[in-house]
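Trainee: What follows is a predicted protein model with its sequence.
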Amino acid sequence: MKAKLYNQAGEEKGVVELNSAIFGIEKPKADIVHQVVTSILSSGRNSVASTKTRAEVRGGGKKPWQQKGTGRARAGSSRSPLWRGGGVTFGPRSSAAGGRNFEKKVTKRMRTLGLFSVLSDKASTQKVVVLEDLQLSAPKTKELAQILKKLRDSAQLGRTLAIIISEKQKPVVIAGRNLPGSRIRSANHLNILDLLSADSLVILQDALPVIEKTYLKPSSAAGK
């Protein structure tokens, strides 16, 4: 698997060979990708609906009437779930109150395989380009936007980009923070949702070994 190499002026400089263990999966696992995405979305879900139990409802400390002699049913508190305005039995509880947990766990191996499947799919459809370097004179959004425009025109990239850098370069991160249609992510903290939502991937050349080191096992990296 190969990808075209560009400089930040938008000029094509050649091709780069990508690691087949990451970018060359012949049959991407769509079912694994679905499970990983579902896990991420479910784990980020927060339960906000919450009811109060009889212990949390205000008032009701005094016995409404005496136990015997009134002809009415026995009552110990006006905040009983049987009373209007009382607590709720088995009602929904928020996550903060120890209620429903929507978290769905997947193994680390599944997360890695899902990530590789998305990267392989992008590479096979020519949606991955490698950038030699990305240097800004100042952390300015305008300068980064001009560089990405040249790259879009030359490499015919999509509207939305995921830019993968080798480390958190502060000027680049600050410049791209408010840039529409682009997301800058570190190579050792890739998010499968960002990769799926991006039309094209722009990977800095020095970020490729970081991806291999982070997500490949030593035995897999040795057999590259």
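Mentor: It's in.
Trainee: Now do the closest residue to residue 155 other than its chain neighbours against residue 148, distance only.
Mentor: Excluding its sequence neighbours, the residue lying closest to residue 155 (Cβ to Cβ, 6 or more residues apart in numbering) is residue 129, at 4.9 Å. C-beta coordinates here come from the backbone N, C-alpha and C atoms, glycine included. In this view, residue 129 and residue 148 are 11 Å apart by Cβ to Cβ, to the nearest Å.
Trainee: Kindly report the same for residue 40.
Mentor: Residue 40 sits 27 Å away from residue 148, going by Cβ to Cβ.
Trainee: And the two? Which one has more around it.
Mentor: Legend: neighbour count by other Cβ atoms under 10 Å for residue 40 and residue 148, higher for residue 148 (22 against 16).
Trainee: right, and the more buried one touches residue 162 too?
Mentor: No - if you go by Cβ atoms under 8 Å, residue 148 and residue 162 don't touch, sitting 11.7 Å apart.
Trainee: about what we covered before: overlap in contacts of residue 129 and residue 148?
Mentor: Here residue 129 and residue 148 have residue 202 as joint contacts, going by Cβ atoms under 8 Å, 6 or more residues apart in numbering.
Trainee: So for the residue lying farthest from the centre of the chain, what pLDDT did the model give?
Mentor: Computed with Cα atoms, centre = their mean, the residue of the chain farthest from its C-alpha average is residue 69, at 64.4 Å. Predicted confidence (pLDDT) for residue 69: 94.
Trainee: Assign it to helix, strand or coil.
Mentor: Using DSSP: H, G, I helix; E, B strand; the rest coil, the three-state assignment for residue 69 comes out as coil.
Trainee: Distance of it relative to residue 214?
Mentor: Distance of residue 69 to residue 214, computed by Cβ to Cβ: 76 Å.
Trainee: same check, this time on residue 46
Mentor: Counting by Cβ to Cβ, the gap from residue 46 to residue 214 is 29 Å.
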